[in-house]
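In: Output the structure for:
(one chain, ligands or ions: 1)
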Amino acid sequence: MTYRHCPDQDASLIIVGSGFAAAAAVIHLAHNGFAPSDILIIGPGTLGAGQAYGCKADAFRLNVRADLQRLWPDHSDHFPQWAKTHIEDPQAKTHAGLFYRRADFARYVNAQLEAATGKKELRQVPARVVDIRPVQQGWQVFCDDRTAYHGASLLLATGNPEPQWPIPNRFEDSSTLIRTPWRGDWLEQIDPTAAICLVGSGLTAMDALSGLAERDHKGPISLLTPHGILPPEQVGWEPGDPFLWPDTRRASEFLHVALQMLKAGFWEEPEWQQRFSALRSGISTAWQQLPVEDRMKLQRRAGWLWSLARFRASPQTVDAARNMADRGQLTLIRSALKSLESTRSAGWQLGLANEASLNADIVINCTGVGRDPLIRKLMATGRLTPLGKSHSPAVSPGLQVISPDGSPCDTLFCIGPATALALGDVMGATSVAAQAAGFARSLHTAEK
Ligand SMILES: Cc1cc2nc3c(=O)[nH]c(=O)nc-3n(C[C@H](O)[C@H](O)[C@H](O)COP(=O)(O)OP(=O)(O)OC[C@H]3O[C@@H](n4cnc5c(N)ncnc54)[C@H](O)[C@@H]3O)c2cc1C
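Out: Numbers count the residues shown, from 1 in each chain. Presented below is the predicted three-dimensional model:
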């Protein structure tokens with residue numbers, strides 16, 4: 001395939017991806033004196049919105065209260081203060097704090113970008129990167145629109161991959177078969193009496209319920225949940241002292257420490273959440289000390305439970321789900337999807353793991369699980385080194401991608417969800433912002 005090189009767009013740094021991680025990197029780089037005009041962003045959509053905040057539905061709220069949802073990791077008041085003067089949202093206030101609409105957080109990020117860049121246009125190419133290659137003095141980046149760019153350094157910030165169906169599925173996405181519900185645009189096309197099945201029971205399913213409740217959906221909703229539970233509600237906890245993790249070198253020791261810390265009380269209680277958050281504060285360092293096999297074992301066996309406790313739903317979202325369940329409109333089915341067929345007269349027929357089946361007019365994939373095509377390709381071609389036998393890249397604590405010879409690469413970096421197996425709890429905005437701030441500081445120091 002031939003690519004058109006665009007030399008006028010050469011950059012000191014190319015950021016691959018256009019979500020929150022990319023925006024946070026630009027803001028922290030500018031804060032550290034890096035000229036935004038030396039950066040080229042490659043990725044679709046409004047910079048900063050990404051998969052997480054680029055949603056249309058007002059019912060899709062942040063699942064973290066405003067003072068903990070941070071672009072500036074040490075400034076708990078930054079977003080709440082901005083929100084006070086820029087967001088009109090009487091429903092944001094809850095017993096557990098302020099939970100704003102996700103789309104409003106995207107506006108906040110955008111305002112911070114404008115402030116950081118002095119409102120000068122940032123260079124952004126609205127394409128998807130399909131490959132990268134090392135060249136003399138940097139990297140060549142190839143895009144799906146057949147353009148190519150040169151950057152002295154490269155930051156991979158590709159974020160949350162598009163979710164895939166949890167089973168092989170031969171049917172095309174449509175208004176009755178929704179594979180990626182994150183944007184919320186599908187809500188506008190829903191027949192209010194349709195029978196809906198949500199596949200999966202995490203925060204994406206909670207968003208879908210909240211969106212349907214806001215539109216006053218009347219039809220029945222079934223929700224497939226492998227473990228029979230929905231995410232717990234956020235509570236109004238206050239941060240305490242961080243927990244000092246002992247030296248843990250095995251999955252069993254790691255789990256033992258966590259269970260000892262969390263076994264007393266109930267996760268609905270603020271005091272439990274305070275202990276959980278204290279545990280989280282040093283977890284990434286403890287995680288990085290474990291052998292990769294032990295990390296993978298923990299992810300397989302306890303990952304679902306950790307995610308459930310970690311990613312709580314906003315009170316507004318939990319209210320919506322609770323009301324639907326109380327009315328008898330929402331039914332939880334403890335099973336998993338095994339097959340999907342189209343019928344002539346009864347919509348979709350779903351085969352379940354427990355041998356049962358059910359019919360629905362609309363099926364929505366709420367599993368949230370996907371594979372990043374670029375990361376996978378770069379691993380397959382040896383540009384990224386897998387961590388152990390996993391499908392995740394090896395990344396140093398300084399966010400440098402590990403080269404095949406085991407040394408950290410000085411010009412190739414990775415940030416955000418793709419670094420979770422290597423670096424620990426780095427999915428939420430504040431953790432990603434802390435990575436971006438660290439990256440900006442290290443680039444600043446290296447350039448001196
Ligand atoms: C639906 C959803 C809701 C969330 N809500 C919250 C929340 O309320 N609070 C919280 O703290 N965290 C939340 N998160 C966690 C979220 O991961 C982080 O907050 C943060 O947004 C991650 O930013 P990111 O840029 O790494 O990822 P993303 O938001 O996924 O953005 C990545 C961007 O890169 C682009 N991209 C991907 N591949 C390529 C490529 N090959 N070439 C070019 N561009 C590419 C994508 O199109 C996308 O725009 C949520 C996540 C999701 C998916």
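In: drop to CA atoms for contacts and neighbour counts, all remaining ones
Out: Noted.
In: Would you work out how far apart the start and end of stretch 221-231 are?
Out: 17 Å (CA to CA, to the nearest Å).
In: roughly how far is that stretch from the heart of the chain?
Out: Distance, stretch centre to chain centre, for stretch 221-231: 20 Å (CA atoms, centre = their mean, to the nearest Å).
In: Touching that stretch from outside, list them.
Out: By CA atoms under 8 Å, 6 or more residues apart in numbering, the surrounding residues in contact with stretch 221-231 are 195-203, 206, 308-309, 311-313, 329-337.
In: That stretch and the ligand in contact?
Out: No: contact of stretch 221-231 with the ligand (CA under 6 Å from any ligand atom) is absent, the minimum separation being 13.5 Å.
In: So for that stretch, what gets flagged as buried?
Out: Ile221, Ser222, Leu223, Leu224, Thr225, Pro226, Leu230, Pro231 (16 or more other CA atoms under 10 Å).
In: same question, stretch 167-175
Out: Across stretch 167-175, burial judged by 16+ other CA under 10 Å covers Ser175.
In: Pull out the CA atoms of that stretch and give them to me as CSV.
Out: Extracted C-alpha coordinates of stretch 167-175, given in CSV (Å, rounded to 0.1, in the frame of the first residue of the first chain):
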residue,chain,number,x,y,z
ILE,A,167,-19.9,-14.7,21.0
PRO,A,168,-19.2,-15.1,17.3
ASN,A,169,-22.0,-13.0,15.6
ARG,A,170,-22.8,-13.0,11.9
PHE,A,171,-25.3,-10.2,12.0
GLU,A,172,-24.5,-6.6,11.2
ASP,A,173,-24.9,-3.8,13.7
SER,A,174,-28.4,-2.2,13.3
SER,A,175,-30.9,-0.2,15.3
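In: residues making contact with it?
Out: Against stretch 167-175 from outside (CA under 8 Å, 6+ apart): Arg179, Trp186, Gln189, Ile190, Leu337, Lys338, Ser339, Leu340, Ile362.
In: What residues does the chain have near the ligand?
Out: 16-22, 42-44, 50-52, 62-64, 69, 127-130, 157-160, 182, 374, 416-417, 427-430.
In: about what we covered before: what about the buried residues of stretch 221-231, which are in strands?
Out: Members of these lying in strands (criterion: DSSP state E): Ile221, Ser222, Leu223, Leu224.
In: which SS class is the one residue sitting closest to the centre of the chain?
Out: In the chain, the C-alpha nearest the mean C-alpha coordinate belongs to Asn160, at 4.9 Å (CA atoms, centre = their mean). Classification of Asn160 by DSSP: H, G, I helix; E, B strand; the rest coil places it in coil.
In: Report the contact partners of Ala429.
Out: Contact partners of Ala429, counting by CA under 8 Å, 6+ apart, are Phe20, Ala21, Gln69, Arg70, Leu71.
In: Can you check the pLDDT for it?
Out: At Ala429, the pLDDT value in this model is 96.
In: Next: Trp139.
Out: Residue-level confidence at Trp139 comes out at 97, pLDDT.
In: Now which of the contacts of stretch 221-231 would you call buried?
Out: Among the contacts of stretch 221-231, those classed as buried by 16+ other CA under 10 Å are 195-203, 206, 308-309, 311-313, 329-330, 332-337.
In: Quick check: closest non-adjacent residue to the residue in the stretch 201-350 of the chain positioned nearest to the ligand.
Out: Per CA to the nearest ligand atom, Thr204 is where the stretch 201-350 of the chain lies closest to the ligand, at 6.3 Å. Closest residue to Thr204 apart from its sequence neighbours, by CA to CA, 6 or more residues apart in numbering: Cys366 at 5.3 Å.
In: what's the neighbour count on that neighbour?
Out: 29 (other CA atoms under 10 Å).
In: who are the neighbours in contact with it?
Out: Counted by CA under 8 Å, 6+ apart, Cys366 has contacts Arg179, Thr180, Pro181, Leu198, Val199, Gly200, Ser201, Gly202, Thr204, Ala205.
In: Return the residues in contact with the second one.
Out: Residues in contact with Thr180 (CA under 8 Å, 6+ apart) are Glu162, Pro163, Gln164, Ile364, Asn365, Cys366.
In: out of the residues you listed, which one sits closest to the ligand?
Out: Nearest to the ligand among these: Glu162, at 8.2 Å, using CA to the nearest ligand atom.
In: The closest one contacts Arg371, correct?
Out: Yes: in this structure, Glu162 is within contact of Arg371 by CA atoms under 8 Å, at 7.2 Å.
In: Neighbour count: those two, which is higher?
Out: Glu162 (16 against 13).
In: any idea how far that one lies from Pro373?
Out: In terms of CA to CA, Glu162 sits 9 Å off from Pro373.
In: got it, and Ala313?
Out: Taking CA to CA as the measure, Ala313 and Pro373 are separated by 29 Å.
In: which one among the contacts of Ala429 gets closest to Phe105?
Out: Nearest to Phe105 among the contacts of Ala429: Gln69, at 9.0 Å, using CA to CA.
In: Pop out the phi and psi values for the closest one.
Out: phi -100, psi 100 (degrees, to the nearest 10).
In: Could you count how many residues lie near it?
Out: Counted with other CA under 10 Å, the neighbours of Gln69 add up to 24.
In: Could you do His78 as well?
Out: Counted with other CA under 10 Å, the neighbours of His78 add up to 18.
In: most residues in a single strand of the protein, which one?
Out: When the chain is parsed with DSSP E, its longest strand is strand 147-156.
In: Now that one: average pLDDT?
Out: pLDDT averaged over strand 147-156 gives 97.
In: Same question for stretch 221-236.
Out: 93.
In: end-to-end on it?
Out: Span of stretch 221-236 from end to end, CA to CA: 30 Å.
In: With stretch 62-81 instead?
Out: 16 Å.
In: which residues pair with Gln400 across the strands?
Out: With DSSP bridges applied, Gln400 shows beta-bridge pairing to Phe413.
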